[in-house]
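Q: model the structure of this input:
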Amino acid sequence: GLNDIGVKTMNYDPSTKMLAIAYLNSNLDFIYNGTDVYNIPDIRNEAITGAIAIYDISFYNGLAYVSSDLGISVIDLNLMQINDTYVIGSSGQQISVYATSTDGVNLYAATSEGVKYAPLAAINLQDFNAWTLFGPAQGLPQQKATYVRAYNNKVYAAITSAQNSRDTLYQYNGSVWSSV
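A: Numbering: from 1, shown residues only. Presented below is the predicted three-dimensional model:
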């Protein structure tokens, strides 16, 4: 059976046929073959000084990208282990990552600092310097981004307004962002 209660988020990867479940306490279950459950408690166990929230799980090329208060944890779905954790704050500090997505070229992250991206082919995605923060020059405010998703040759992001806490949806066409 499942290893916890209180589901926070879940997502299904059709290519590996795995269902990922993140719980409120940051425990992770992966269900495969419809009935087999593999538990990865590492993020929950990392919560030394307080709760670590998991916000989203995305998939690409046999990897699960877990967005959390730690940053981005990358889980190899064949080995069922965390391979990397990307801490991508502008000064190398931990920041909350609310969602990730890829267009096959770049990995995008919705963070407490705004939308960031890094080339998937970068030598070291663990180095915060590999990550670029989109800003006004590209048509995007540098404010908290709560969601990002690549779809149909565009990238979409939800940016939270500092004035009224409402989200605005933006789309990226590969060179500039515009509100939808």
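Q: buried ones in the lowest-mean-pLDDT helix or strand in the chain?
A: Least confident element among the helices and strands of the chain, by mean pLDDT, DSSP states H and E: helix 42-46 (a mean of 81). By neighbour count on 16 or more other Cβ atoms under 10 Å, the buried set for helix 42-46 is 42-44. (C-beta placed from N, C-alpha, C; glycine too.)
Q: give me the neighbour count for F30.
A: The number of residues packed near F30 is 20, by other Cβ atoms under 10 Å.
Q: now N129
A: Neighbour tally, N129, other Cβ under 10 Å: 11.
Q: any figure for the gap between it and S58?
A: 23 Å (Cβ to Cβ, to the nearest Å).
Q: one more: A64?
A: Distance, A64 to S58, using Cβ to Cβ: 7 Å.
Q: ditto for S73
A: Note on S73: its distance to S58, by Cβ to Cβ, is 12 Å.
Q: overlap in contacts of these two?
A: Y65 (Cβ atoms under 8 Å, 6 or more residues apart in numbering).
Q: and K17, how many neighbours?
A: Neighbour count for K17, taken as other Cβ under 10 Å: 12.
Q: return the residues in contact with it.
A: Contact analysis of K17 by Cβ under 8 Å, 6+ apart lists 32-33.
Q: against L169, how distant is it?
A: 31 Å.
Q: now swap in A122 and tell me
A: Computed as Cβ to Cβ, the A122 to L169 distance reads 27 Å.
Q: N27 too?
A: For N27, the distance to L169 - Cβ to Cβ - is 31 Å.
Q: of those two, which one has the most company?
A: Per other Cβ under 10 Å, whichever of N27 and L169 has more neighbours is N27, with 22 against 11.
Q: ok, that one touching D4?
A: Yes - with contact defined as Cβ atoms under 8 Å, N27 reaches D4; the gap is 4.5 Å.
Q: any regions of the chain where pLDDT drops low?
A: For the chain, the stretches with pLDDT under 70 are 47-50.
Q: ok so, going back, which of the buried residues of helix 42-46 lies closest to P141?
A: I43 (29.5 Å; Cβ to Cβ).
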